[in-house]
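> What follows is a predicted protein model with its sequence.
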Amino acid sequence: MNKKVYEHTYEQTWEKIIEWKKCSCWEDFAITDKDLEFYEKISPTFKWKKYIIPSPNLCSDCRLQRRLSFRNERSLYKSKSSLTWNSIVSMYSPDKPYKVFEQNEWWGDNWNALDYGRDFDFSRPFFEQFVELQNEVPKSAMLTSWNENSNYTNYSSYLKDCYLMFDCSNCQKSFYWYNVGKVVSAVDTSVITDWNYIYEVIDWVRCNNVFFAQNCSDCSDSYFLNNCNGCKNCIWCNNLINKEYYVENKFVWKEWYEKKLEEIKGNFNKYKKDFEKISLEYPRKNIFLVQTENVFGNWMISSSKCTFCYDGFFFENAKYCSNWSDIQDSHDCESIGISARRSYELNAAMQCENVLFSFWCWGSYVWYCDVSTGNNLFWCVWVHSNQSYCILNKQYTKAEYEELIPKIIEHMKAIWEWWEFFPGSISPFWYNETVASGYFPLTKKEALLKWFNWSDYENPKPDVIKIIPWEKLPENIKDIPDDILNWAIECEISKKPFRIIKQELEFYRKHSLPIPRRHPDIRHMDRMNKRAKRKLFLRNCDKCWIEMISVYNKDSEYKVYCEKCYDNEVM
């Protein structure tokens, strides 16, 4: 974001710009009076002294990139448990030096993270000591909870009979999802909630039996929709509200609709390409907000008083936050499940209060921790069982803890480590396998120059009877033999082979859908590229030319309207 975006946004908010700073990426970013109030509010107090967290030195994008570089969701590997040597599926590639336990082993009683505790060494930097501890403490192969028959999923909970699902919760009989909740029987979807029987949908809420769609809500029994609400039995439609039996935005009789539906079945790939071209003719709204008040961001629902927030439900008084729900009085938080209160620089967590500079934690008053649960934790790694008053995985009494923490903070302040999230150079993952690479793509050279890690390790090819090129796949699912379950398909883009599982084939046959030609990772990137970026731009409405904030820049291929002009166009 440039200065004009900040200035235009803050003119409409309750914040006043106090200072301009320049990030290492050379972007200017603003610090406001409310920012400084927030940093003061969350700053810890020990022995009646408050240790103020100053304003950040990096812009919000660089802070997000740094946090996401600590998170690998989608890259899974075959490996061996460091405890039992049983075969496991792990998010840590075999070329990493870590001890990795199968998840149930990690939660078991056969080991204790506090056995790896050590004293803080005041002659050395904190991050250096943290890396040593991180390399020694066993890690869980995956981060999942309360799943059933859903082994190939990560960052997930309450899944049943699911496969290759990431950042998902409360779902059944579904495959190849990202950031999804409360869904039954769906394939190839991203950023949705409350769905049943869907395929290739993006950014949706409360829909049923919908295929090839984006930015819609409360729709059913439809194919190829974009920006629709409350529609049923519609095909190839854009910007409709509460319509039934519409094709190409025109009403048709039921008999004609059914004839058209039979025509597109068995030839979905052609109609998909044609629909993408047609959709360019229809205007898009500058931002997508539903039931919000004083919200500046995109794809926000039932939220209030939020600035630069994205993909969230029930956010309140939040800034630079994104993904999932129930974030209050917090800044720079990503992928929060259940709740976060008064938290900062937090990534992938749940039920947090006053959790700062941490990753996948839950509890209260937690600082600089990696995958830990409990209260009053400083600089801990993979601590579970709700421990309290620990530093570098060493147990202290409450009095000892509160005596030592101020000394360590002073040490960190002296060497400029206090108040910043972990540097990307100490991430346990390679940049090219992290979520960061999806939102902030870098070449190997660019990543290394930014001090991120990189690896060229690849999983072995699948053990199959044969690998067939994508162009030899029949278009019609009726022509696909059962033997395809024993084959691998060569992706038309990456050339990497991928397999089809039995439940997936059954889904395609039930809904007359074609076998995909692209690897799941490529399909995921295709969907993410269709989503508006998590960035705001200052541009003019393509109809009335009023200046407005939008997630589409002025060079976008879409026609973009302000809210008033868009609402006048919607049928």
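Thanks, I have it.
> Doesn't residue 133 lie inside a helix?
Yes - read with DSSP: H, G, I helix; E, B strand; the rest coil, residue 133 is one of the residues of a helix.
> and stretch 504-521, C-alpha only, in PDB?
Presented in PDB, the C-alpha positions along stretch 504-521 are these (Å, rounded to 0.1, in the frame of the first residue of the first chain):
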ATOM      1  CA  GLU A 504     -13.000 -38.700  -5.200                       C
ATOM      2  CA  LEU A 505     -13.800 -40.800  -8.300                       C
ATOM      3  CA  GLU A 506     -17.200 -41.600  -6.800                       C
ATOM      4  CA  PHE A 507     -17.900 -37.900  -6.300                       C
ATOM      5  CA  TYR A 508     -17.000 -37.000  -9.900                       C
ATOM      6  CA  ARG A 509     -19.200 -39.800 -11.200                       C
ATOM      7  CA  LYS A 510     -22.100 -38.800  -9.000                       C
ATOM      8  CA  HIS A 511     -22.000 -35.200 -10.300                       C
ATOM      9  CA  SER A 512     -20.900 -36.000 -13.900                       C
ATOM     10  CA  LEU A 513     -17.700 -34.000 -13.400                       C
ATOM     11  CA  PRO A 514     -14.500 -34.500 -15.400                       C
ATOM     12  CA  ILE A 515     -11.300 -35.900 -13.900                       C
ATOM     13  CA  PRO A 516      -9.000 -33.000 -13.200                       C
ATOM     14  CA  ARG A 517      -6.000 -32.400 -15.500                       C
ATOM     15  CA  ARG A 518      -3.900 -30.500 -12.900                       C
ATOM     16  CA  HIS A 519      -2.000 -31.500  -9.800                       C
ATOM     17  CA  PRO A 520      -3.900 -30.600  -6.500                       C
ATOM     18  CA  ASP A 521      -1.200 -28.000  -5.800                       C
END
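> in this structure, which helix has the most residues?
For the chain, the helix that runs over the most residues, judged by DSSP state H, is helix 398-414.
> Which residues does it contact?
44, 46-47, 49, 51, 120, 122, 126, 376, 378-379, 389-391, 396, 418 (C-beta atoms under 8 Å, 6 or more residues apart in numbering). C-betas here are computed from N, CA, C, even on glycine.
> Check which residues of it are buried.
401, 404, 405, 408, 409, 411, 412 (16 or more other C-beta atoms under 10 Å).
> any idea how far the first one is from residue 379?
So the one you mean is residue 401. Distance of residue 401 to residue 379, computed by C-beta to C-beta, to the nearest Å: 12 Å.
> Now render the buried residues of helix 398-414 as TSV, adding distance to residue 255.
Conversion of these to TSV gives the following (distance: C-beta to C-beta, whole Å):
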residue	distance to residue 255
401	75
404	78
405	74
408	75
409	74
411	78
412	73
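> Assign a three-state SS to the residue of the chain most remote from its centre, would you?
When distances to the mean C-alpha position of the chain are computed (C-alpha atoms, centre = their mean), the maximum falls on residue 255, with 42.0 Å. Three-state assignment for residue 255 (three-state DSSP): helix.
> Tell me the one of the buried residues of helix 398-414 nearest residue 203?
Nearest to residue 203, judged by C-beta to C-beta, of the buried residues of helix 398-414 is residue 412 at 40.7 Å.
> and residue 416, how many neighbours?
Neighbour count for residue 416, taken as other C-beta atoms under 10 Å: 10.
> So which of the contacts of helix 398-414 sit within strands?
Using DSSP state E, 46, 49, 376, 378, 389, 390, 391 are the members of these that sit in strands.
> Residue 504 - nearest residue in space that isn't next to it in sequence?
residue 175 (5.4 Å; C-beta to C-beta, 6 or more residues apart in numbering).
> Could you check the pLDDT of the one you found?
Looking at residue 175, its pLDDT reads 92.
> Please determine how far residue 439 is located from residue 178.
Taking C-beta to C-beta, one finds residue 439 at 12 Å from residue 178.
> Between these two, which is the more surrounded one?
residue 178 (23 against 16).
> Quick check, the more buried one in contact with residue 186.
No - counting by C-beta atoms under 8 Å, residue 178 stays clear of residue 186, with 11.7 Å between them.
> Leaving out chain neighbours, which residue sits closest to residue 153?
residue 165 is the one closest to residue 153 (C-beta to C-beta, 6+ apart), at 4.3 Å.
> That neighbour belongs to a helix?
No - read with three-state DSSP, residue 165 is strand and lies in no helix.
> dump the residue contacts of it.
With contacts defined as C-beta under 8 Å, 6+ apart, residue 165 is in contact with 150, 153, 156, 159, 171, 174, 175, 176, 177, 180.
> Residue 72 too?
So residue 72 contacts 91, 154, 429, 433, 434, 435 (C-beta under 8 Å, 6+ apart).
> Same question for residue 384.
Neighbouring residues of residue 384 by C-beta under 8 Å, 6+ apart: 106, 107, 113, 372, 373.
> measure it to residue 170 for me?
In terms of C-beta to C-beta, residue 384 sits 23 Å off from residue 170.
> Next: residue 381.
Taking C-beta to C-beta as the measure, residue 381 falls 29 Å from residue 170.
> try residue 353
From residue 353 across to residue 170, the span is 23 Å (C-beta to C-beta).
> now residue 205
14 Å.
> what's the answer for residue 530, then?
Separation of residue 530 from residue 170 (C-beta to C-beta): 24 Å.
> again with residue 346
Here the criterion is C-beta to C-beta. By it, residue 346 lies 22 Å from residue 170.
> Have a look at those two and say which one is more surrounded.
Ranked by neighbour count (other C-beta under 10 Å), residue 346 and residue 170 place residue 346 first, with 27 against 17.
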